[in-house]
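1. Below are the sequence and a predicted model for it; my questions follow.
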Amino acid sequence: MRGLVALLAVALLAGCSSDDDGPDVLVVGDSITDMSREAIIGAVADDQIELRIEAVPGATSTQMRERVTPLAGEVGEQVVINLGTNDIIGGRDPAETAVEIAALVDQHPGVRCVHVTTVNPGVVTFVDADVDQQVIAFNLGMFDLERQRLHVNVIDWAGALADPPDGGVATDYLEDDGIHPNEAGTQLLARLYAEALASCKGAP
């Protein structure tokens, strides 16, 4: 992990601008990111990277877009967005949620990369079976967004849980509700964030 942090620092410093007043990296999320906060800081932050995490349990994509609007245009390098779970649980049309996340992406036109995250289909264990199709539709929307905007890429949380890189099965990384990461899950999610940030080669 230390080597990954060093690679991330190099990737960020390569595009660093002294005129930026905001953080180098902004992470926007809900309870999944909030529960992973310590692991994310450990995987991403160091004395060369200013990291800001805005994550509110239970928050929807609209609520978080409004919350971070004051940071529009202020983020120096990259943005990570992990939202959509609470929209799906609340019954919102996945297409509407994808539009909301696209609007959040567009609040940061000057960053090199924006990373959007898929939702784990395991949310069906918390609500009802119909949500499975909503999750699939939402995740397809995130991949569509990646195709539509050159500086956007997908952090495939759902894919990582379906085939964990360290072995095992999805339930080894999740709480009993099938949504929230346990300790192993927070480490995995933080690693995915760090790998995505380190791989950014985009330019505003």
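-> On my side now, so go ahead. From a predicted model like this one, the values you see are computed outputs, not experimental measurements.
2. Okay, now the unreliable bits of this structure?
-> 1-21, 124-129, 202-204 (pLDDT under 70).
3. which stretches of the protein form strands?
-> Per DSSP state E, the chain has strands spanning 25-29, 51-55, 78-82, 113-117, 152-155. These are given in chain order.
4. Tabulate the ones you listed (TSV), appending distance to residue 186.
-> Using the backbone N, CA and C atoms, a C-beta is placed for each residue, glycine as well. Written out in TSV, the entries for these read as follows (distance: least, C-beta to C-beta, whole Å):
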stretch	distance to residue 186
strand 25-29	12
strand 51-55	12
strand 78-82	12
strand 113-117	14
strand 152-155	14
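5. Is it possible to get JSON lines of those strands that adds mean neighbour count and distance to residue 38?
-> JSON lines is the format used below for the strands of the chain (neighbours: other C-beta atoms under 10 Å; distance: least, C-beta to C-beta, whole Å):
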{"stretch": "strand 25-29", "mean neighbour count": "26", "distance to residue 38": "13"}
{"stretch": "strand 51-55", "mean neighbour count": "18", "distance to residue 38": "10"}
{"stretch": "strand 78-82", "mean neighbour count": "26", "distance to residue 38": "16"}
{"stretch": "strand 113-117", "mean neighbour count": "26", "distance to residue 38": "18"}
{"stretch": "strand 152-155", "mean neighbour count": "20", "distance to residue 38": "18"}
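6. just so I know, which of these lies nearest residue 103?
-> Minimum separation from residue 103 across the strands of the chain (C-beta to C-beta) falls at strand 78-82, 10.9 Å.
7. what's in contact with the closest one?
-> Among residues not part of strand 78-82, those counted as contacts by C-beta atoms under 8 Å, 6 or more residues apart in numbering are 12, 24-30, 32-33, 101, 104-105, 108, 111-117, 155, 157, 189, 193, 196-197, 200.
8. partners of it, with directions?
-> Here strand 78-82 has these sheet partners by DSSP bridges: strand 25-29 (parallel), strand 113-117 (parallel).
9. Could you dump those strands into JSON lines with distance to residue 174 added?
-> Output for those, formatted as JSON lines (distance: least, C-beta to C-beta, whole Å):
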{"stretch": "strand 25-29", "distance to residue 174": "16"}
{"stretch": "strand 113-117", "distance to residue 174": "15"}
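10. Nothing else from me, thank you.
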